[in-house]
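Student: Prediction below, plus the sequence it came from.
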Amino acid sequence: MNKSRVARAALCSLGIVVLLLGLVTACAPPTLAYPAKGITINVPWGAGGGTDRTARALAAVLEKDLKQPMGVVNRTGGGGVVGHTATATADPDGYTLGMITIEVTMMNWLGTTSLTYKDYKPIALLINNRAGITVRADAPWKDYKELMEYVKANPGKLKASGTAAGGIWDLARVGWLMAAGLSLDAVKWVPSAGAAPALAELAAGGVDICTCSPAESLPMVQAGKARILAVMADKRWDALPDVPTLKELGHDFAIGGWAGIAAPARTPDSIIDILDKAVEKAVKSPEFTNFIKTSGFWLDYKGSKDFVKFLEEQQETNGKLLKAGGFIK
Amino acid sequence: MLDIILQSLASLADPTVIAVILLATFYGLFIGAMPGLTVTMAVALFVPFAFFLDPVPALAAIVTLQAMGIFAGDIPGALLRMPGTPASAAYTDDSYALSQQGQARLVLGVDVIASALGGLMGAVALIVGASALAEFALTFSSYEFFWLALLGLSTTAFIATASPIKGLVAVVLGLFLSTVGIDITLGFQRFTFGNPNLLGGISFIPAMIGLFGVSEVLRIVLRGKMHLAYAKLEKGASFLPAIGTVWRYRLNALRGGIVGLITGVLPGAGADIGAWLAYGVSKRFSKEPEKYGRGSMEVVVEAGVANNSDLAAEWIPTLVFGIPGDAFTAVVIGILMLKGLRPGPAILHDYTNILIAIYVTFILANLLMVPFGFAAIRASSHLLRVPRNVLMPIILLMCIIGAYAINNDVFDVGLMLVMGLLGVLLEANGFPVAPIVLALVLGPLLEQSFMISLIKSEGDLTLFFSRPVATILGTLTLVVWILPLVPLAKKLITARQV
């Protein structure tokens, strides 16, 4: 191939990029009472995942109440950074909202993005799937107490998994061991690409504990492959009323992977008020209640004001856990 | 039992369900046959619709669209050398070479029959062996996945290459590209240059579309003669000869089906890996390995069966343990949950009617594939009559849409174009692009399972051989590595004796 042909190919692709940029045109600003047109909800994770389903279930109810179409758009990639950024930098006109997840209070600590919860105006916290301590069904420990006795007697022997190193379920391990007064090496972390491969690894005997949410490990429990010894929550979960919380067991620690809805930071308060009320109504609707029940999620509704407080706490707690875990250099 | 079956058949006989299945057939065939548009994208776009459908039509639509899409991905692979989906990428060079040799109609016919056969094998495995196969899947830990990935890479690294060195360079380049992004084992960023779009790594589907689709479009543009159309499909019957060909390679078909089933039930290995592995296995045992990459009909049969038998098998860990095998089944779990069907072993007996409806749809979709598949081939032969200066811009547009729609991100369109240019440069200098795609698919699995194994074993390499399945896979891999050295060693010894 000669050089002019390469140049032609390069020129061709340049032309396409220019064309695409041209296609991105601005929409006319709204002047009517809010909402006067359809609303877009950005989801930083893939279609069909937990955050996506929550957004879609909420959108379906909101649509009826606000009498405007709600579009859910998956802005995936970049480990959640891309979608979170897309919402934070959208026009603050109330027509682009976004789901925000626990990562927004972790990524800035880890230095993956400068984005923080302050780049949003929170509307509502929706779900908060608490962490659990899941072991293989044939594991030798009958309950949490026996497990802890074993860990104390054999520090470093057991391995846990659930997410990447420094991911949400790794933080659950860090917080749990700290609350139990153990060193972080007492249960070692084996990273994984997510809860599903970690559970497969647990069943295959590769690791001993999965700290993912019981919402994720419940099918394995029902299959008789795993048992849940404790949940890292303030109160017991409706779906597993027999499983004690860490708090009851004397180790005061709770953590969960949460998802809520928020708007760009400069969105007017009048719009946030409308959305706050609409979401509160939607969350209490039979459709959404039913969605929570069938999906096996932990509902943790907080309105706009409480969600702000929650985010402040999360920012602080997760920073502490990440520091303790040695993830902040 | 019989009344449950009748009941689920009745639920399928509902006009909505039939309409949904037919629509999904056309949707799947169109998306699959369009270079650039992938089945993963198709199912993600389907999620909002699934929200409003009942469980049976929603799941029936997914089953149908997946089967049709994976088959139809073979069409542009054979005709334009652009695989419609990643699962067809493994044997694109072979089917294209065959169609250049005047066997386009036969190759496509064989694709239909092989796909339908593979799909039916997968369906039977799902119906008969779901529980047993799910148990098997759970015996795979990171050691086994490491060996599986290494075995796949080792057996297929040198596919379709005139020069093994250039093939190896392409593999290494692909492995390098697969290291971009946050390393999950240490949480460290690699080669991201502070760009958040690269944190999750090089997005595989835009890269594939670029390397295969865009690079081919660019190559045709560079070659000139844009006003010309492609060659016409040869005339004549294709149904019976296709069946005859598949029958001639029935052992390949059977082996491909089994390879597809095994990769399917393993969480973390999808239809694309199934097709690559089948390609490797086929070449290893073939009497004519020199034909591979230059138009081997037996590999079109074997890998064609494998990527479809994989599909139903992928549902097994998804349904029984709630552990999805790939992006596609992850969406399936989402839809099941939306419909209040929590995956788990209970699904096998609590929701028998829905389950049987899924089974029947699997069989129905693969039977429907035969007439609709041949119709699609006939329709696509008209495509070949379109002049290139009309066809190529349309394909490029589809590539742009397909790359964008995966993450709804313009960055991926740029990535696709860069990969397209890279593909042109590499091919012009004799470097094959297929190994890059293979390495992009297997690279993350290889690296993660290796690192996870090392962390688990605390650096003890002997543990890689500590489990039965791992030992078998590990030994196989070592054999694959050592075998090519045997003749070399013989030569050295005889040379010394002389």
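Tutor: That came in fine, so what should we check first?
Student: Any figure for the gap between the closest residue in space to residue A:84 that isn't next to it in sequence and chain B?
Tutor: Counting by CB to CB, 6 or more residues apart in numbering or on different chains, residue A:84 lies nearest to residue A:44, which is 5.1 Å off, once chain neighbours are set aside. Every C-beta, even on glycine, is put in place using the N, C-alpha and C of the backbone. Taking CB to the nearest CB, to the nearest Å as the measure, residue A:44 falls 10 Å from chain B.
Student: try residue A:88
Tutor: Taking CB to the nearest CB as the measure, residue A:88 falls 12 Å from chain B.
Student: For the residue lying closest to that residue once chain neighbours are set aside, list the residues it contacts.
Tutor: The shortest distance from residue A:88 to any non-neighbouring residue, by CB to CB, 6+ apart, is to residue A:119 (3.9 Å). Contact partners of residue A:119, counting by CB atoms under 8 Å, 6 or more residues apart in numbering or on different chains, are A:88, A:264-265.
Student: And the buried ones among those, selectable in PyMOL?
Tutor: This is how PyMOL selects the buried members of the contacts of residue A:119, with burial counted by 16 or more other CB atoms under 10 Å in any protein chain shown:
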select buried, chain A and resi 88+264
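Student: Out of the contacts of residue A:119, list just those in helices.
Tutor: Among the contacts of residue A:119, the members found in helices (DSSP state H) are residue A:88.
Student: possible to save the contacts of residue A:119 as TSV with pLDDT and distance to residue A:180?
Tutor: Converted to TSV, those look like this (pLDDT from 0 to 100; distance: CB to CB, whole Å):
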residue	pLDDT	distance to residue A:180
A:88	95	37
A:264	97	40
A:265	96	38
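Student: lowest average confidence, helix or strand, in chain B?
Tutor: Of all helical and strand segments in chain B, the minimum by mean pLDDT, DSSP states H and E falls on helix B:346-350, at a mean of 72.
Student: now residue B:98: how far from residue B:92?
Tutor: Counting by CB to CB, to the nearest Å, the gap from residue B:98 to residue B:92 is 11 Å.
Student: ok, now residue B:421?
Tutor: For residue B:421, the distance to residue B:92 equals 20 Å [CB to CB].
Student: More neighbours: the two, which one.
Tutor: A count of neighbours by other CB atoms under 10 Å in any protein chain shown puts residue B:92 above the other of residue B:421 and residue B:92, at 26 against 18.
Student: what's the distance between that one and residue B:86?
Tutor: Per CB to CB, residue B:92 is found 10 Å from residue B:86.
Student: Please apply the same query to residue B:468.
Tutor: Residue B:468 is 31 Å from residue B:86, by CB to CB.
Student: neighbour count winner among the two?
Tutor: Higher neighbour count among residue B:468 and residue B:86: residue B:86, with 28 against 10, using other CB under 10 Å.
Student: Show me which residues of the stretch 101-250 of chain B sit near chain A.
Tutor: Counting by CB under 8 Å from any CB of the partner chain, the stretch 101-250 of chain B comes close to chain A at B:137-144, B:181-182, B:184-187, B:189, B:196-200, B:203, B:214, B:218, B:221-222.
Student: thinking again about what came up before, what sits in contact with each of residue B:98 and residue B:92?
Tutor: Residues touching both residue B:98 and residue B:92 by CB under 8 Å, 6+ apart: residue B:78.
Student: nearest residue to the residue of chain B found nearest chain A other than its sequence neighbours?
Tutor: Closest to chain A within chain B is residue B:334: 2.7 Å, counting by CB to the nearest CB. In space, and not counting its chain neighbours, residue B:334 is closest to residue A:48: 2.7 Å by CB to CB, 6+ apart.
Student: Just to be sure, the one you found is in a helix?
Tutor: No. Counting by DSSP: H, G, I helix; E, B strand; the rest coil, residue A:48 is located in no helix; its state is coil.
Student: Count the residues that sit near it.
Tutor: Residue A:48: 27 surrounding residues under other CB under 10 Å.
Student: now swap in residue B:204 and tell me
Tutor: Residue B:204 is flanked by 21 other residues according to other CB under 10 Å.
Student: Sketch out the low-pLDDT regions of the chain for me.
Tutor: Just so you know, I chose chain A. Scanning chain A with the threshold set as pLDDT under 70 gives A:1-32, A:329.
Student: looking at chain B here, not the other one
Tutor: Looking at chain B by pLDDT under 70, you get B:1, B:156-162, B:228-229, B:231-232, B:236-237, B:268, B:325, B:498.
Student: please redo it, this time with the cut-off set to 50
Tutor: Residue ranges of chain B with pLDDT under 50: B:160.
Student: where along it do the strands fall?
Tutor: Secondary structure of chain B by DSSP state E: the strands cover B:181-183, B:188-190.
Student: so which of those strands gets nearest residue B:257?
Tutor: Set against residue B:257 and scored by CB to CB, the strands of chain B come closest in strand B:181-183, at 34.4 Å.
Student: who does the closest one touch, helix- and strand-wise?
Tutor: Contacts defined by 3 or more CB pairs under 8 Å, 6 or more residues apart in numbering or on different chains; DSSP states H and E place strand B:181-183 against strand B:188-190.
Student: Packing partners of the strand it packs on?
Tutor: Using 3+ CB pairs under 8 Å, 6+ apart, the elements in contact with strand B:188-190 are strand B:181-183.
Student: quick one: strands adjacent to the strand it packs on?
Tutor: Strand B:181-183 sits in its sheet next to strand B:188-190 (antiparallel), going by DSSP bridges.
Student: So what touches the partner strand?
Tutor: With contact meaning CB under 8 Å, 6+ apart, strand B:188-190 is reached by A:112, B:179-183, B:199.
Student: for it, which positions count as buried?
Tutor: Across strand B:188-190, burial judged by 16+ other CB under 10 Å covers residue B:189.
Student: same deal with stretch B:80-90?
Tutor: Buried residues in stretch B:80-90 (16+ other CB under 10 Å): B:80-90.
Student: For that stretch, what is the distance to the chain centroid?
Tutor: 8 Å (CA atoms, centre = their mean, to the nearest Å).
Student: Could you work out the end-to-end span of it for me?
Tutor: In stretch B:80-90, first residue to last residue: 15 Å (CA to CA, to the nearest Å).
Student: ok, which stretches of the stretch 151-300 of chain B are helices?
Tutor: B:164-178, B:204-208, B:215-223, B:239-248, B:250-265, B:271-285, B:297-321 (DSSP state H, counting those that start in this stretch).
Student: Could you single out the most deeply buried of these?
Tutor: Most buried of those, by mean neighbour count (mean count of other CB atoms under 10 Å in any protein chain shown): helix B:297-321, with a mean of 31.
Student: do you know how far residue B:359 is from residue B:252?
Tutor: Per CB to CB, residue B:359 is found 26 Å from residue B:252.
Student: Residue A:297 now?
Tutor: Taking CB to CB, one finds residue A:297 at 46 Å from residue B:252.
Student: What of residue A:111?
Tutor: Residue A:111 sits at a distance of 51 Å from residue B:252 (criterion: CB to CB).
Student: Tell me which two of the contacts of strand B:188-190 sit farthest apart.
Tutor: A:112 and B:179 (16.9 Å).
Student: higher neighbour count, these two?
Tutor: residue A:112 (21 against 14).
Student: I'd assumed residue B:195 was in contact with the more buried one.
Tutor: No. At 11.1 Å, residue A:112 does not count as touching residue B:195 under the criterion of CB atoms under 8 Å.
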